[in-house]
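S.K.: A predicted structure for the sequence below; I have some questions about it.
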Protein chains: 2
Amino acid sequence: MPVDVPRQVDHKARRDQIAEALLDIVADQGLEAISVRAVAARAGVSAGRIQHYFANKDELLAYAIEYQDWLVQQRWNEQAWPEGDPTPREALRWVLLETIPRDDRRRREWLVGVAYLIRMLANPNLRTHYVDGLPRLYRLLADLVRMAQEAGDIAPDRDPDREAELLFGLADSQGPPVVLGLRTPEQATAAIDYYLDRLFR
Amino acid sequence: MPVDVPRQVDHKARRDQIAEALLDIVADQGLEAISVRAVAARAGVSAGRIQHYFANKDELLAYAIEYQDWLVQQRWNEQAWPEGDPTPREALRWVLLETIPRDDRRRREWLVGVAYLIRMLANPNLRTHYVDGLPRLYRLLADLVRMAQEAGDIAPDRDPDREAELLFGLADSQGPPVVLGLRTPEQATAAIDYYLDRLFR
DNA sequence: TTTTTTACAATACGTTCGTATTGCCAAACC
DNA sequence: GGTTTGGCAATACGAACGTATTGTAAAAAA
């Protein structure tokens, strides 16, 4: 009945398995360590297989961040909002903690994001990921601040956009020290909680 | 009279010229684009010359960030503190604005820092740069906040360490949007000034 | 049942890489 | 004034690279 579907193997599954290996390598050795053979070895497949699924290395690199974006999106869609109906403050906290590299999965995502950054400068296709995502996150945070203000939990004289920026900055700047082991995820969480306490009254 | 000094050419000048070329390439193409020949071409020298001054590629890469650290240090030592005897607030603002990639020089420094980050995870020698520098910056900011508190310019109930963290986070998170052209340096400056206005009374 | 297509594995090719080696000129030293 | 040394340029070499090409077993299509 499906027309465009692969005949016998699941193309997406194959591509994703290869992308997984690539992301693993990028996260602990950087983009420079990416070669078709290295990815093949990490994925436990032949280099020929990679060639079969990706026309060239650039396409492979591009697919890998697309895949990572998809992974992140999945997590946000599924388990988005801890339980039932969170307060704006709970939602805010959840979003902020989501951005810090507190476990292996998030650590990998963080490192991959960093690794791709310079590539984005020259490559418009890659830029899109950041250029679309960042303002969306700012907007989400600002909206949550606004909601809390309307509920009377945050002083009305605070500028929601500025507060969003401040919150994001605080969370975002936890990345490097956490990844480098200068600070534990718990300390990073405490830093965020401290400011949330001050913001909410 | 000097004993250990090079005979006729200035070794540091040669090494620095090569490091300059390397940093330029890293900033606009990433670490993956670094090859001995590419650096030689950018520097306008022969590959043999690079081999003469650096035992291998790793040493070259290591020297380049050391050189960048030296450059930054130079700037801070020379023109450190805008004029004469700044107030804590002026000093704070100066330091924060110093971290945002607002011109070509700072933009390069910022991009190189990002590019080296993943390498630092595996290489203890490189880690030192970040691991020493970051807490020092935090301490400087916290000290300035404390000084302003003692002068009565910041409310005494603010925790200087937390405020330093918040300020640094705000400044630090301006990096990606500025580098990617999502935000102008002026907008980033405005964000910092907004929060300084709120912090100081 | 023959033929085509899918899904690879394997190999081959030309290039680029890091680095070792060699050569060579000018200055310094004895 | 011969010899050593410093400062390179040039070349050489083996490994690794991205990618093109070829081979092949199985499944699908005809």
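M.R.: Sure, I can see it.
S.K.: Of all the residues in the helix or strand containing residue A:91, which ones are buried?
M.R.: Assigned by DSSP states H and E, residue A:91 falls within helix A:88-98. Burial within helix A:88-98, assessed by neighbour count using 16 or more other Cβ atoms under 10 Å in any protein chain shown, is assigned to A:88, A:89, A:91, A:92, A:93, A:95, A:96, A:97, A:98. Just so you know, the C-beta spots here come from the backbone N, C-alpha and C atoms, and that holds for glycine as well.
S.K.: Export those to a markdown table and append columns for distance to chain B.
M.R.: Rendered in a markdown table, the data for those read as follows (distance: Cβ to the nearest Cβ, whole Å):
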| residue | distance to chain B |
| --- | --- |
| A:88 | 20 |
| A:89 | 18 |
| A:91 | 20 |
| A:92 | 15 |
| A:93 | 16 |
| A:95 | 15 |
| A:96 | 11 |
| A:97 | 15 |
| A:98 | 15 |
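S.K.: how much does the top helix by length along chain A deviate in direction from helix A:88-98?
M.R.: Secondary structure of chain A read by DSSP state H shows that its longest helix is helix A:124-150. Going by axes from the mean of the first three to the mean of the last three Cα atoms, to 10 degrees, helix A:124-150 is angled at 150 degrees with respect to helix A:88-98.
S.K.: Could you identify the helix or strand that succeeds helix A:124-150?
M.R.: Sequence order places helix A:160-172 as the next helix or strand after helix A:124-150, per DSSP H and E.
S.K.: Would you mind pulling the contact partners of that next one?
M.R.: Residues outside helix A:160-172 that contact it (Cβ atoms under 8 Å, 6 or more residues apart in numbering or on different chains) are A:92, A:96-97, A:99-100, A:137-139, A:141-146, A:149, A:154, A:188, A:191-192, A:195-196, A:199, B:165-166, B:169-174, B:191, B:194-195.
S.K.: returning to that earlier point: so after the helix holding residue A:91, what's the next helix or strand?
M.R.: Along the chain past helix A:88-98, the next helix or strand (assigned with DSSP H and E) turns out to be helix A:104-122.
S.K.: Could you tell me how far that next one lies from the centre of the chain?
M.R.: Its chain's C-alpha centre and that of helix A:104-122 lie 8 Å apart, by Cα atoms, centre = their mean, to the nearest Å.
S.K.: Tell me which other helices or strands that helix touches.
M.R.: helix A:11-29, helix A:57-78, helix A:124-150, helix A:175-179, helix B:11-29, helix B:104-122, helix B:175-179 (3 or more Cβ pairs under 8 Å, 6 or more residues apart in numbering or on different chains; DSSP states H and E).
S.K.: could you measure residue A:24 against residue A:113, distance?
M.R.: Relative to residue A:113, residue A:24 is positioned 15 Å away (Cβ to Cβ, to the nearest Å).
S.K.: thinking again about what came up before, buried residues in the longest helix of chain A, which are they?
M.R.: Neighbour-count burial for helix A:124-150 [16+ other Cβ under 10 Å]: A:126-127, A:129-131, A:134, A:137-138, A:141-142, A:144-149.
S.K.: How about the contacts made by the nearest residue to residue A:106 once chain neighbours are set aside?
M.R.: Setting aside the residues directly before and after it, residue A:106 is nearest to residue A:100 in space (Cβ to Cβ, 6 or more residues apart in numbering or on different chains), at 7.1 Å. Residues in contact with residue A:100 (Cβ under 8 Å, 6+ apart) are A:106, A:171, A:174, A:175, A:178, A:185, A:188, A:189, A:192.
S.K.: And the furthest pair within these?
M.R.: In the contacts of residue A:100, two members sit farther apart than any others by Cβ to Cβ. They are A:106 and A:192, at 14.4 Å.
S.K.: Give me the angle between the helix holding residue A:91 and helix A:57-78.
M.R.: 150 degrees.
S.K.: Check what contacts helix A:88-98 and list those residues.
M.R.: Defining contact as Cβ under 8 Å, 6+ apart, one finds that helix A:88-98 is touched by A:76, A:81-82, A:86, A:106, A:137, A:140-141, A:144-145, A:147-148, A:151, A:153, A:167-168, A:170-171, A:189, A:192-193, A:196, A:200.
S.K.: related to what we said a few turns ago, return the closest of the buried residues of helix A:124-150 with respect to residue B:42.
M.R.: Scanning the buried residues of helix A:124-150 for proximity to residue B:42, where the rule is Cβ to Cβ, the winner is residue A:126, at 23.4 Å.
S.K.: shouldn't residue A:68 be in contact with residue A:22?
M.R.: No: the pair residue A:68 / residue A:22 is not scored as a contact, 9.6 Å apart, by Cβ atoms under 8 Å.
S.K.: tell me which parts of chain A are close to DNA strand C?
M.R.: A:6-9, A:11, A:14, A:45-49, A:51-52 (Cβ under 7 Å from any atom of the strand).
S.K.: Helices - which of these land there?
M.R.: Among the residues of chain A next to DNA strand C, the members found in helices (DSSP H) are A:11, A:14, A:47, A:48, A:49, A:51, A:52.
S.K.: what angle do the helix holding residue A:91 and helix A:160-172 make?
M.R.: Counting by the same axes, to 10 degrees, helix A:88-98 lies at 40 degrees to helix A:160-172.
S.K.: pLDDT check: weakest of the ones in helices among the residues of chain A next to DNA strand C?
M.R.: When those are compared by pLDDT, residue A:11 scores lowest at 94.
S.K.: Quickly note the distance from the residue lying closest to that residue once chain neighbours are set aside to residue B:151.
M.R.: Counting by Cβ to Cβ, 6+ apart, residue A:53 is the residue found nearest to residue A:11 once chain neighbours are left out, at 7.1 Å. Distance, residue A:53 to residue B:151, using Cβ to Cβ: 64 Å.
S.K.: do residue A:64 as well
M.R.: Going from residue A:64 to residue B:151 by Cβ to Cβ gives 52 Å.
S.K.: Which one's more surrounded, the two?
M.R.: Neighbours per residue, other Cβ atoms under 10 Å in any protein chain shown: of residue A:64 and residue B:151, the larger number sits with residue A:64, 25 against 11.
S.K.: Could you double-check that that one sits in contact with residue A:19?
M.R.: Yes: using Cβ under 8 Å as the test, residue A:64 is close enough to residue A:19 to be in contact (4.4 Å).
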